[in-house]
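K.L.:
turn this into a model:
(chains A and B)
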Amino acid sequence: MKVQVDQSKCQGHNRCYAIAPELFDVDDMGNAFAIGDGVVEPHLAEKARLAVANCPEYAISIVE
Amino acid sequence: MTTLDEKSIYGPVTNWQTDFDHADPSYNENAHEIWSELRGTCPVAHTERYGNTWLPVTHEYVHEIAYDTEHFSSRGVVVATVKPSDLPDAIPAPIGGAPPITSDPPFHQDARRILLPAFSPKMIDEWEPEIRILCRELIADMKAADVVDAATQFAQHIPVNVIARMLGFPPEDGAVFRGFVHDVLEAINLAPGKRAEAFMALDAYVAKQVQDHIDNPRDDLTNFLLNAKIYDQPLSLQHVGGSIILLLIAGIDTTWSAIGSSLWHLATNPVDRRRLVDNPALMPTAIEEFLRAYAPVTMARVVKDDYNFHGNEMKQNDWVLLPFPAANRDPEEFENADQVLIDREVNRHAAFGLGIHRCLGSNLARLELRVAVEEFIAAFPDFEIAPDEVVKWSVGQIRGPRELPVRINARTL
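P.N.:
Predicted structure coming up:
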């Protein structure tokens, strides 16, 4: 399981970074990106789903 | 404080579907009921007031317009008796009078990128200790009074002080800023000449502060803007002044309203207040839920050219209100949309807007809101609306309590 942030959609709401800082970081502009290669350890799967479900711009997706 | 003759040129509203007015005092007081009714009947309300204004109330339509910069311009963002097209010396699109909020693509992104780093989460987090001290000072100033006004003695001072420090403006001018904010955002239904007077006073104040920063440079956002470049050129003084007006106006009423509405909820919902006092781990979801359910900000757009929006014949230069708070209550988008659930985990709210104009200060607003609520309930774990007192709501596009008298039933000080 991996998370991806679509940079063309992210507007820097920061919800993912607040919910799952283990999975997401933000750049100097405040836009989010997946940490490393985006791989989600099993114990963080629920946080990954919440990050997807809370993004106002529908910018985050999960790739199984 | 400016002293405008506060007289609306419009009468009271009798029909919210065909003649609504967001400056009618009953609009913000009954906003959720009005939007809910309109959602079932229109869902795009219309009024000839302000020179033709439209009000879509579903999440789908608000979302669509927020993303559609081809048909809708941000040149004007406050629906009032004065339109950008009425002002011969107004800065035209794509820049607008207060970049980047009044800017359209492609200029918008370049102007926004100048300011984004200063408001990124990591830069904003550094303000937390200072905001916390400020909240504690305000609480200490209330002393042992049984009844305090959580809006005028607490909430309203937090964003004013923070933005004054960021811009390097005199903190003792807080009342002056609030006067400007009122003139721009609430005194929207005055005769156009009166409204222009208020803007001249604001421009003159900002020009004076900018000149002082040119003469005496220091390490703050004003000098940062004076040193910033766009397309390899320094920003024009008009651009600097416009961006300062944006930061001054957009950050104050909005955050004050969010803090006030959250405290209003806790004053009127003792079960939620007790849960939050007993279990601070609920704070993150509670804050997002307050932002969803009591989102303070409705934005606006100007119709670029005649456009048929889902059967609504919009004309060039018509206003369109973008009520993100109504979108946040749309049952098509949110389960139990009208229930405030402080442990709501799935909450894709649009309190800070959608698309390219996402609130630049959202990280700061969220921080101020969280710290303010944390400090208030830590000092006053039990409070309610003071008996026999009246809560007064704002008028216009920013919704929140302007007077919030609460009785303190328990204090930890």
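K.L.:
can you pull out the strands in the chain?
P.N.:
Picking chain A for this. Using DSSP state E, the strands of chain A run over A:2-5, A:24-26, A:32-34, A:60-63.
K.L.:
switch to chain B, please.
P.N.:
B:44-47, B:53-56, B:72-73, B:147-149, B:229-230, B:233-234, B:298-303, B:307-309, B:312-314, B:319-323, B:382-385, B:392-393, B:401-403, B:405-410.
K.L.:
which one, of those strands, ends up nearest to B:P117?
P.N.:
strand B:229-230 (13.9 Å; C-beta to C-beta). C-beta here means a position set from N, CA and C on the backbone, and glycine is covered the same way.
K.L.:
partner strands of the closest one and their direction?
P.N.:
strand B:233-234 (antiparallel) (DSSP bridges).
K.L.:
show residues contacting the strand it pairs with.
P.N.:
B:226-228 (C-beta atoms under 8 Å, 6 or more residues apart in numbering or on different chains).
K.L.:
just the residues you listed now: which is nearest chain A?
P.N.:
B:A228 (14.5 Å; C-beta to the nearest C-beta).
K.L.:
picking that back up, in CSV, list the strands of chain A along with distance to chain B and mean pLDDT.
P.N.:
Shown next, in CSV, are the strands of chain A (distance: least, C-beta to the nearest C-beta, whole Å; pLDDT from 0 to 100):
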stretch, distance to chain B, mean pLDDT
strand A:2-5, 15, 98
strand A:24-26, 6, 98
strand A:32-34, 10, 98
strand A:60-63, 11, 96
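K.L.:
now do the contacts for the residue of the stretch 201-350 of chain B found nearest chain A.
P.N.:
The stretch 201-350 of chain B approaches chain A most closely through B:V346 (4.5 Å), counting by C-beta to the nearest C-beta. Taking C-beta under 8 Å, 6+ apart, we find B:V346 in contact with A:50, A:53-54, B:335.
K.L.:
coming back round to it: got TSV for the strands of chain A, with mean neighbour count and distance to B:L360 too?
P.N.:
Formatted as TSV, the strands of chain A follow (neighbours: other C-beta atoms under 10 Å in any protein chain shown; distance: least, C-beta to C-beta, whole Å):
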stretch	mean neighbour count	distance to B:L360
strand A:2-5	20	20
strand A:24-26	20	14
strand A:32-34	21	16
strand A:60-63	16	21
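K.L.:
would you mark the buried spots in the helix ranked longest in chain B?
P.N.:
Secondary structure of chain B per DSSP state H: the longest helix is helix B:237-268. By 16 or more other C-beta atoms under 10 Å in any protein chain shown, the buried positions in helix B:237-268 come out as B:239-267.
K.L.:
is any part of that helix close to chain A?
P.N.:
No - Helix B:237-268 lies out of reach of chain A by C-beta under 8 Å from any C-beta of the partner chain, never closer than 15.1 Å.
K.L.:
average pLDDT for that helix?
P.N.:
Average pLDDT, helix B:237-268: 95.
K.L.:
got phi/psi on the residue of the stretch 201-350 of chain B closest to chain A?
P.N.:
phi -100, psi 110 (degrees, to the nearest 10).
K.L.:
need the per-residue pLDDT for it.
P.N.:
97.
K.L.:
list the contacts for residue 13?
P.N.:
Assuming you mean chain A. A:55-57, B:352, B:358, B:362.
K.L.:
my bad, the chain I had in mind was chain B
P.N.:
With C-beta under 8 Å, 6+ apart, B:V13 has these contacts: B:19-21, B:24, B:26-27.
K.L.:
for B:S8, same thing?
P.N.:
B:S8 touches B:23, B:189-190, counting by C-beta under 8 Å, 6+ apart.
K.L.:
could you measure from the residue nearest the centre of chain B over to A:V40?
P.N.:
Among the residues of chain B, the one closest to the centroid is B:T254, at 2.9 Å (C-alpha atoms, centre = their mean). Counting by C-beta to C-beta, to the nearest Å, the separation of B:T254 from A:V40 is 35 Å.
K.L.:
please apply the same query to B:V302.
P.N.:
Distance, B:V302 to A:V40, using C-beta to C-beta: 43 Å.
K.L.:
same question, B:A150
P.N.:
42 Å.
K.L.:
the two: who's more crowded?
P.N.:
B:A150 (29 against 21; other C-beta atoms under 10 Å in any protein chain shown).
K.L.:
excluding sequence neighbours, find me the nearest residue to the residue in the stretch 51-200 of chain B that chain A sits nearest to.
P.N.:
Nearest to chain A in the stretch 51-200 of chain B, going by C-beta to the nearest C-beta, is B:S120, at a distance of 3.9 Å. Counting by C-beta to C-beta, 6 or more residues apart in numbering or on different chains, B:S120 lies nearest to A:G30, which is 3.9 Å off, once chain neighbours are set aside.
K.L.:
over to B:Q17?
P.N.:
Excluding the flanking residues, the one nearest B:Q17 by C-beta to C-beta, 6+ apart is B:A45, at 5.3 Å.
K.L.:
count of neighbours near the spatially closest residue to B:L134 that is not a sequence neighbour?
P.N.:
Distances taken as C-beta to C-beta, 6+ apart place B:N161 nearest to B:L134, at 5.5 Å, with adjacent residues excluded. If you count neighbours by other C-beta under 10 Å, B:N161 ends up with 20.
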